[in-house]
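>>> Okay, structure incoming, though there's no sequence with it:
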Ligand code: NAD
């Protein structure tokens, strides 16, 4: 099946599907099946990370899928303990080997870990990998505007993407505005708010009923209409399919306003300014 997902054009001209499949907390042996189901359902972008421990399963599913490599957009992330120029080059090789790939589409610094104070050197290694043609786009994750400003001042390639926690309870307006000014694409992690309370919020349930859709589809549609990239995760085949069936309806201005009113600036994950875990 060919992809139904439109692309976002990154700041270096590379096209990235606006909706992809995330595999955080999916064990390696289950990742192969989950990614296979996602590719079969039409996903063409997969988001993994070295720390997820499932790059091998992800790579096996890609190899077995029969989908040409150049039609799949693969993202992985450098873990905190590997910051620094030489360590980053080694970590990249290790990730690529586990994935069984000879190039990557997007490589992200997973967290800035400000206490380490090595993200600038780390990013310089990313610039080398990019210049050497081993990765098509480079970016960051969990970078606040202050961290991005420093990278932009001290390095030469503006990050293509900043992947941040973003959902109706944490709408990240200031970060999105900063990204837009700098030409950085915003990518939402935990776009469904990890599924828990968010999908039962009455305003979202009401909009879902109005459109004859599910709450998850409404939340994903909200992201798409904001212009962010989303990477919902599920290991349930019916939900994997449901989460990509979001390109044949639209939210109206009233729906968008009702979801905008749900912002509580409430994080599910750690605060990037103080998260320094190895
Ligand atoms: P998510 O918001 O995608 O929610 C996933 C959960 O929602 C599932 O486990 C399931 O319980 C539920 N769900 C999924 N589809 C559903 C549906 N259709 N109906 C009802 N419930 C449904 O959460 P996530 O996994 O935290 O985030 C998505 C991806 O973002 C991750 O897999 C990972 O790739 C990425 N991520 C990145 C970071 C980072 O630091 N960069 C952190 C967390 C996640």
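Yes, it's here. Computed from a predicted model, the values in this text were never measured in an experiment.
>>> From here on, just use CA atoms for contacts and neighbour counts.
OK.
>>> who in the stretch 51-200 of the chain is up against the ligand?
110, 141, 163, 189-195 (C-alpha under 6 Å from any ligand atom).
>>> Export the residues you listed as TSV, with columns for distance to residue 32, neighbour count and secondary structure.
What follows is those, written out as TSV (distance: C-alpha to C-alpha, whole Å; neighbours: other C-alpha atoms under 10 Å; DSSP: H, G, I helix; E, B strand; the rest coil):
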residue	distance to residue 32	neighbour count	secondary structure
110	22	23	coil
141	24	24	strand
163	23	25	strand
189	21	24	strand
190	21	19	coil
191	22	25	coil
192	22	26	coil
193	24	21	helix
194	21	15	helix
195	22	15	helix
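>>> Include pLDDT when you put those residues into a markdown table, please.
What follows is these, written out as a markdown table (pLDDT from 0 to 100):
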| residue | pLDDT |
| --- | --- |
| 110 | 98 |
| 141 | 98 |
| 163 | 98 |
| 189 | 98 |
| 190 | 98 |
| 191 | 98 |
| 192 | 98 |
| 193 | 97 |
| 194 | 97 |
| 195 | 93 |
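>>> Pick the one among these closest to residue 207.
Residue 207 lies nearest to residue 192 out of these, by C-alpha to C-alpha, at 15.2 Å.
>>> distance of that closest one from residue 250?
As defined by C-alpha to C-alpha, to the nearest Å, residue 192 lies at a distance of 17 Å from residue 250.
>>> And for residue 9?
Per C-alpha to C-alpha, residue 9 is found 21 Å from residue 250.
>>> same thing with residue 6?
From residue 6 over to residue 250 (counting by C-alpha to C-alpha), the distance is 14 Å.
>>> And for residue 196?
The gap separating residue 196 from residue 250 is 24 Å, by C-alpha to C-alpha.
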